[in-house]
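Visitor: Give me a 3D structure for the following:
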Amino acid sequence: MKKINLAITGCMGRMGQQLIKSANLNKKFKIVSLTENRKIKKKILGIRPEFNSIESFRKANVIIDFTVPKCTLEILKIAVKQKKRVVIGTTGFKKNEENLIKKYSKKIPILKAGNMSLGVNLLIYLTEITSKSLGKNFLSKVYEVHHKYKKDYPSGTALMLGKGIADGRNKEFYKSIGKRYLNKKSFPYGKKINFNSIRKGDVIGEHEVTFSSGKEIVTLNHESFDRALYSEGALTAAKWLISKKPGLYSMRDLLNFK
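Guide: Numbers count the residues shown, from 1 in each chain. Modelled structure (predicted):
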């Protein structure tokens, strides 16, 4: 089988470094390009990191992007010109940025996921089912913990869980978002979905969804122990995306959750 030529953006970041390790161990991929938004003098696996450009992505079949929203949109502009497939693990997009991604997906295949973990995507699926089953008599909230360097909050995964709650109730997600707390010891339920984000230490990721009727509580949770599960999930997404037509896909499409 011919190897998939891979470009990794944000190569000096935590996920960029992990992606390099995982892709280098995976015989189905060949890293042909590494990019960063600052000049990097040293070579990595014999490749000198470049700035994002048409030339830097020329040999790639798929681009995997874990950066920041502004950078992701710049990469998509380039990818559309070259008809490159893109896997997006970046989080923290605003509504207008999400709409731009949808626009680009009409021209190229894009798989976007706030979390590439199989377990987390199963949790999102179960959240939607639970929300639908319990109905409006249950209030809900989302709790998440990440390392102290993570800037955006709530995390992309927490927002995906919130969307699962809203979808289960046939509600518009953005209108369902309640209060967003940071580093609170406790936080309340609300008529809308409240979020609490904890930033501490080197925690890879913890997520919890709670439903309460006032008489009983239902809790769904997931904890990550190894960052490699995200990079391996991203590589699985890249392989899957190779055979797809233009469109905006998710890990739910890849995992065939109905």
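Visitor: Distance check, Lys27 against Lys3.
Guide: 8 Å (Cβ to Cβ, to the nearest Å). To be clear about C-beta, it is placed using only N, CA and C from the backbone, and glycine gets the same treatment.
Visitor: So which of those two has more stuff around it?
Guide: Lys3 (13 against 7; other Cβ atoms under 10 Å).
Visitor: Please tell me how far the residue most central in space within the chain sits from Asn37.
Guide: In the chain, the C-alpha closest to the average C-alpha coordinate belongs to Gly114, at a distance of 2.0 Å (Cα atoms, centre = their mean). Distance of Gly114 to Asn37, given as Cβ to Cβ: 21 Å.
Visitor: Met12: what secondary structure?
Guide: What DSSP: H, G, I helix; E, B strand; the rest coil gives for Met12 is coil.
Visitor: Neighbours of it, how many?
Guide: When neighbours are counted by other Cβ under 10 Å, Met12 comes out with 16.
Visitor: For Ile88, give me its contacts.
Guide: Counting by Cβ atoms under 8 Å, 6 or more residues apart in numbering, Ile88 touches Asp65, Thr72, Ile101, Ile110, Leu111, Lys112, Ala113.
Visitor: next one: Ile101
Guide: For Ile101, the contacting residues are Thr72, Leu73, Leu76, Ile88, Phe93, Ile110, Lys112, Leu248, by Cβ under 8 Å, 6+ apart.
Visitor: okay, those in CSV with distance to Lys191 and secondary structure next?
Guide: Converted to CSV, these look like this (distance: Cβ to Cβ, whole Å; DSSP: H, G, I helix; E, B strand; the rest coil):
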residue, distance to Lys191, secondary structure
Thr72, 33, helix
Leu73, 34, helix
Leu76, 36, helix
Ile88, 32, strand
Phe93, 25, coil
Ile110, 34, strand
Lys112, 29, strand
Leu248, 30, strand
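Visitor: what's the farthest-apart pair in those?
Guide: Leu73 and Leu248 (14.2 Å; Cβ to Cβ).
Visitor: ok so, going back, so the residue nearest to the centre of the chain makes contact with Gly162?
Guide: No - Gly114 is beyond contact range of Gly162, at 10.6 Å (criterion: Cβ atoms under 8 Å).
Visitor: now for the helix or strand encompassing Leu134, which elements pack on it?
Guide: Leu134 belongs to helix 118-134 when assigned by DSSP states H and E. In this structure, helix 118-134 makes packing contacts with helix 156-168, strand 205-212, strand 217-224, helix 228-241, helix 251-255, judged by 3 or more Cβ pairs under 8 Å, 6 or more residues apart in numbering; DSSP states H and E.
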